[in-house]
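Asks: Okay, here's the prediction I keep looking at, along with the sequence it came from:
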Amino acid sequence: MKVLVTGGCGFLGSHVCEFYIKKGAAVIAYDNMTKHELKRTGLATEEARDFNWNFLKGLGVKLVKADIRNYEELLDHASGCDYMIHTAAQPAMTISWEDPRLDITTNIMGTFNVLEAARKLKIPVVSCATIHVYGNKINEELEEEKTRYTRKPQGINETYPILGGSLSPLHGSKAALDIYTKVYIDTYQLEAASFRLTGIYGTRQFGGEDHGWVANFAIRAVLNWPLTVFGTGKQIRDIIYATDICEAFDAFYKSRKPGIYNIGGGLKTAISLLECIDLIGEINGRQPDVQFAPDRYADLRYFICDITKAQKELAWEPKILPREGVSTLIDWIKDNRNILATKEG
Ligand SMILES: NC(=O)c1ccc[n+]([C@@H]2O[C@H](COP(=O)([O-])OP(=O)(O)OC[C@H]3O[C@@H](n4cnc5c(N)ncnc54)[C@H](O)[C@@H]3O)[C@@H](O)[C@H]2O)c1
């Protein structure tokens, strides 16, 4: 089996590459190595950028520094592959409103190229959308409790209307890629899926305030840097560990049930920012110094995936609970403190 992973040197992409190489597949990581948000994390940008590249090189992954916006190059590298997993993206809402051109060209045109390549080569493909496609109208349906927002019913499934509330460019570009994946399924019978992913976390995630909040909190806590919570901190997600998503990609490859899926940890991994900070403090042995700042534009205060569709159609089940996943993340941060802490946050 030969797999091409776009964004293979990113956080999630690097886990996908590791997952398939360990299964004995030939793996290509196709990444332009931009990672725009890295320079805003307070971490050592170049070291962080190269970390996943060097890690994958050591595993025997073929590394290609190239852009998904270049269709010919993408097609060339994808030919001969059996499966494409498309994780490359401009993933941050903040950057999307600062640079909407970067957002639209990467997330919409880049995904269009990936879908076209998959159609031409007749191979299955999964795109990464996000739970943000539902929009933040969900905020109007919440109760506020001591440490978290709540909603009844708790889980939200794929039939919930998309794009409610105030939209950012990221909402538009991710919804477009989600819709276009369905367009290719319906029009060309492409074996494709769009995964609407919830908050993801894990090792090799250089999280900052723009993207990757669990890792951002954990890194800052270990380095003893203060961390900032935007809003009340009662925002809630069914966080999911990266390897559980790798299992979902593989479950799609095996089941080949095209469609749109909510992919998250479900009710058992739901945790608010405040609760997660508490957990990090407990595992790290010291509660972090927390500052509060106003809510950010278009923030979604609540999302817990109803994962029934993925459980049934893909025969997939997330396994890792927050305590185990956050402990693994914190161990990795401690082991790599040197490269993470070369700049002051
Ligand atoms: N991390 C999360 O919590 C989360 C939540 C929901 C959805 N997602 C989605 O999952 C996917 C992976 O997210 P991540 O956290 O691993 O992001 P990441 O930023 O760590 O990785 C994305 C990778 O894509 C690469 N890339 C960007 N533009 C490219 C281009 N034009 N051509 C080739 N490569 C390019 C970057 O260099 C980077 O290595 C993204 O689609 C993201 O929107 C992530």
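Replies: Looks like it came in fine. Numbering: from 1, shown residues only.
Asks: Of all residues in the stretch 1-150 of the chain, which one is closest to the ligand?
Replies: When distances are taken as CB to the nearest ligand atom, the stretch 1-150 of the chain reaches nearest to the ligand at Gly10, 2.0 Å away. Backbone N, C-alpha and C define where each C-beta goes, glycine included.
Asks: So Val3, which state does it fall into?
Replies: Reducing the assignment at Val3 to three states with DSSP: H, G, I helix; E, B strand; the rest coil gives strand.
Asks: need the contact list for it.
Replies: By CB atoms under 8 Å, 6 or more residues apart in numbering, Val3 lies in contact with Val16, Tyr20, Ala25, Ala26, Val27, Ile28, Cys81, Asp82, Tyr83, Met84, Ile85.
Asks: Pick out the residue closest to the middle of the chain.
Replies: Within the chain, one residue has its C-alpha closest to the average C-alpha position: by CA atoms, centre = their mean, that is Ile200, at 5.2 Å.
Asks: give me the beta-bridge partners of that residue?
Replies: Under the criterion DSSP bridges, Ile200 forms beta bridges with Ile240.
Asks: Need phi/psi at Ile179.
Replies: phi -70, psi -40 (degrees, to the nearest 10).
Asks: Quick one: neighbours of it, just the number.
Replies: 14 (other CB atoms under 10 Å).
Asks: which residues of the chain score low on pLDDT?
Replies: Low-confidence segments of the chain, defined by pLDDT under 70: 36-37, 44-45, 342-345.
Asks: Could you pull out the helices in it for me?
Replies: For the chain, applying DSSP state H gives helices covering 11-22, 45-59, 71-78, 93-98, 100-104, 110-121, 169-188, 213-223, 242-255, 273-284, 308-314, 322-335, 337-340.
Asks: how far away is Glu317 from Gly199?
Replies: Distance of Glu317 to Gly199, given as CB to CB, to the nearest Å: 18 Å.
Asks: Which positions in the protein make contact with the ligand?
Replies: Listed as neighbours of the ligand in the chain under the rule CB under 6 Å from any ligand atom: 6-7, 9-13, 31-35, 67-69, 87-89, 91, 106, 110, 128, 130, 197, 199-200, 212.
Asks: Please check those and keep the buried ones.
Replies: Applying a neighbour-count criterion of 16 or more other CB atoms under 10 Å, the buried members of the residues of the chain next to the ligand are 6-7, 9-13, 31-32, 35, 67-68, 87-89, 91, 106, 110, 128, 130, 197, 199-200, 212.
Asks: still on that earlier bit, dump the contacts of Val3 into a markdown table; add distance to Glu143 and neighbour count as well.
Replies: Supplementary listing: these in a markdown table, determined by distance: CB to CB, whole Å; neighbours: other CB atoms under 10 Å:
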| residue | distance to Glu143 | neighbour count |
| --- | --- | --- |
| Val16 | 37 | 26 |
| Tyr20 | 42 | 23 |
| Ala25 | 46 | 16 |
| Ala26 | 50 | 16 |
| Val27 | 45 | 26 |
| Ile28 | 47 | 22 |
| Cys81 | 47 | 21 |
| Asp82 | 47 | 14 |
| Tyr83 | 42 | 22 |
| Met84 | 42 | 25 |
| Ile85 | 38 | 31 |
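Asks: Tabulate those residues (CSV), appending distance to Trp97.
Replies: Formatted as CSV, the contacts of Val3 follow (distance: CB to CB, whole Å):
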residue, distance to Trp97
Val16, 28
Tyr20, 34
Ala25, 38
Ala26, 39
Val27, 34
Ile28, 32
Cys81, 34
Asp82, 38
Tyr83, 33
Met84, 29
Ile85, 27
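Asks: from these, which is closest to Leu267?
Replies: Proximity of the contacts of Val3 to Leu267 was ranked by CB to CB; the top entry is Val16 with 25.5 Å.
Asks: Check the spacing between the closest one and Val3 real quick.
Replies: Applying CB to CB to Val16 and Val3 gives a distance of 8 Å.
Asks: which residues are common contacts for the two?
Replies: Taking CB under 8 Å, 6+ apart as the contact rule, Val16 and Val3 both touch Ile85.
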